[in-house]
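Asks: what shape does this take:
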Amino acid sequence: MKSYFYDNQEDVVSLDYLKEHNVLYFPMDMENDNYKEPLEQLCKERGYKNRDEVKLNKETPGLEDKLKIFFEEHLHDDEEIRFILDGCGFFDVRDKNDKWIRIRVEKGDLIIVPANMYHRFTLDETRKIHAMRLFTDAPKWVPINRHQN
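Replies: Predicted coordinates:
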């Protein structure tokens, strides 16, 4: 994972800064499925009872329309938890000063975006990602879009 201010890729954002904004990061060891036990422990500690997987790639029907929806600035009333199993993408989150932070996630990265934090998502140039989504209740994804005046 790498994070930086959206308008300045050289201005690296630390994990501590993200944590101050309640964005949590857990690197997972993908070798030999070593992530399974730590993932189950995290789910138990944080009350994640359900999960599903989503795969997006160039062959995904309606990919560009889906990405437009994901890139619309929005928030959720639940945490957004993503564990990247393959591929790469970007979460952009708003800090306390309303500045965008871009977070590059790739295979082995687990990120938790807190409830009620404006964010958006897009893919990198490979246009491919396979992610596990974790939920405290039944799987749902309900965006509350931020309307700019």
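
Asks: list the helices and strands the longest strand along the chain packs on?
Replies: Criterion DSSP state E: the longest strand present in the chain is strand 80-94. Applying 3 or more CB pairs under 8 Å, 6 or more residues apart in numbering; DSSP states H and E, one finds that strand 80-94 contacts strand 100-106, strand 109-113, strand 119-123, strand 129-135. The C-beta positions use only the backbone N, C-alpha and C, and glycine is treated the same way.

Asks: what pairs with the first one, parallel or antiparallel?
Replies: Looking at strand 100-106 with DSSP bridges, its paired strands and their directions are strand 2-5 (antiparallel), strand 80-94 (antiparallel).

Asks: now do the longest one against strand 129-135, angle only.
Replies: So the one you mean is strand 80-94. 110 degrees (axes from the mean of the first three to the mean of the last three CA atoms, to 10 degrees).

Asks: any idea of the angle strand 80-94 forms with strand 119-123?
Replies: Using the same axes, to 10 degrees, strand 80-94 lies at 100 degrees relative to strand 119-123.

Asks: fine by me, we can end here.
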